[in-house]
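Engineer: just to be clear, the model below is a prediction. Sequence and coordinates:
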Amino acid sequence: MFGEKAGRGDAREGMTLISEDAFFHGSLVVKGSLRVEGAFEGDISDAVDVEIGAKGRVTGNLAAETVVVAGEVLGDIVAARSLEILAGGRVTGDIRTLKLKIDEGAHYEGACSMGSEDGKPRRRRARSEPDVAPAADTVS
């Protein structure tokens with residue numbers, strides 16, 4: 001189980017685990033993988049992989065490359081690569097991801113935005129270009 005996960009992605013030194021009997025309150029910045037089997041209140045950011053176990057519950061926003069939910073998330077999720085909600089999993093909140101999989105028997109309530117983040121920097125540059133162009137026309 002854990003052996004196959006470690007070999008599938010980027011090199012990781014280990015996985016942070018919040019066990020079934022644990023309760024965490026606050027913000028957590030994870031530079032690797034995280035598995036939540038207990039209760040977590042607060043925001044999770046910068047993670048590579050986040051797994052919410054069947055008994056896990058996250059109340060807060062979550063940002064990672066990939067997210068798998070078998071338990072419950074009450075908050076917004078930004079998954080840069082993919083988000084999967086397994087049968088029995090529950091997500092209540094807005095999500096943004098490139099790839100979404102919701103199994104039969106899963107529950108999802110919220111708004112969903114899918115697509116590449118590549119478009120956003122181009123739009124920002126396009127907005128700044130008109131500011132530069134009139135100055136060049138004025139000089140001519």
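Structural biologist: Perfect, I can see it now. Source: prediction; values computed, not measured.

Engineer: can you show me the helices along this structure?
Structural biologist: 2-8, 119-139 (DSSP state H).

Engineer: could I get the phi/psi values of Gly38?
Structural biologist: phi -110, psi -150 (degrees, to the nearest 10).

Engineer: how many residues are close by it?
Structural biologist: Neighbours of Gly38 under the rule other C-beta atoms under 10 Å: 19. The C-beta positions use only the backbone N, C-alpha and C, and glycine is treated the same way.

Engineer: any idea how far it is from Ala79?
Structural biologist: 21 Å (C-beta to C-beta, to the nearest Å).

Engineer: please apply the same query to Lys31.
Structural biologist: For Lys31 relative to Ala79 (C-beta to C-beta), the value is 17 Å.

Engineer: the two: which is more packed in?
Structural biologist: Ala79 (24 against 11).

Engineer: for the more buried one, give its distance to Glu104.
Structural biologist: 20 Å.

Engineer: repeat that for Val73.
Structural biologist: For Val73, the distance to Glu104 - C-beta to C-beta - is 19 Å.

Engineer: more neighbours: those two, which one.
Structural biologist: It is Val73, of Val73 and Glu104, that has more neighbours when counted by other C-beta under 10 Å, with 30 against 5.

Engineer: now Ala111: closest residue in space that isn't a chain neighbour?
Structural biologist: Asp94 (4.6 Å; C-beta to C-beta, 6 or more residues apart in numbering).

Engineer: so how many other residues sit close to that neighbour?
Structural biologist: Neighbour tally, Asp94, other C-beta under 10 Å: 15.

Engineer: now do the contacts for it.
Structural biologist: 76-77, 110-113 (C-beta atoms under 8 Å, 6 or more residues apart in numbering).

Engineer: who wins for most neighbours among the residues you listed?
Structural biologist: The member of the contacts of Asp94 surrounded by the most neighbours (other C-beta under 10 Å) is Ile77, with 25 neighbours in all.

Engineer: cool, thanks, talk later.
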